[in-house]
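> any chance you could fold what I've pasted below:
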Amino acid sequence: MDAPGIPFILGVQPSGPQDFQEFLSQDTVVNTAYMTKLNEAMNIRATLEPFADFKIELTGSRMFTKNYQEYYRANSAGEFKHSAP
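Numbers count the residues shown, from 1 in each chain. A predicted model of the protein is given here:
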């Protein structure tokens, strides 16, 4: 596997250790989380003019953020086990 590779450059996120296992340390004391973050923002704006010289402006916004982290730790056999806090 190439690091980071074309899929990574195009925004593909790994779904678990099977996608990047050769890059993980098999040291049993390493304690770094795998993290993903999703941000969505939406802005809406409209202007209504039901009759002359009477305007109604509508604005709305929505923001959504989702964070996820999971720990993959190697056991003494070098197999990765995961746990989510």
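
> what helix or strand is A41 located in?
Using DSSP states H and E, A41 sits within strand 33-51.

> show me what the biggest strand by length in the chain is packed up against.
In the chain, assigned by DSSP state E, the strand with the most residues is strand 54-74. Applying 3 or more Cβ pairs under 8 Å, 6 or more residues apart in numbering; DSSP states H and E, we find strand 54-74 packed against strand 33-51, strand 80-83. The C-beta positions use only the backbone N, C-alpha and C, and glycine is treated the same way.

> give me the pLDDT value at F51.
F51 carries a pLDDT value of 91.

> who does it bridge with?
Here F51 sits in beta bridges with F54, going by DSSP bridges.

> that older thread, Y72: which of the helices and strands packed on strand 54-74 is closest?
Y72 lies closest to strand 80-83 among the helices and strands packed on strand 54-74, at 4.8 Å (Cβ to Cβ).

> ok, back up a step: quick one: contacts of the longest strand of the chain?
16-17, 24-28, 30-50, 80-85 (Cβ atoms under 8 Å, 6 or more residues apart in numbering).

> can you check what angle separates it from strand 33-51?
If you take axes from the mean of the first three to the mean of the last three Cα atoms, to 10 degrees, strand 54-74 sits at 170 degrees to strand 33-51.

> list the buried residues in strand 54-74.
72-74 (16 or more other Cβ atoms under 10 Å).

> same deal with stretch 33-45?
Buried-residue list, stretch 33-45, by 16+ other Cβ under 10 Å: Y34.

> any idea of the mean pLDDT for it?
On average, stretch 33-45 scores 90.

> just the residues contacting it, thanks.
By Cβ under 8 Å, 6+ apart, stretch 33-45 touches 13-14, 17, 57-72.
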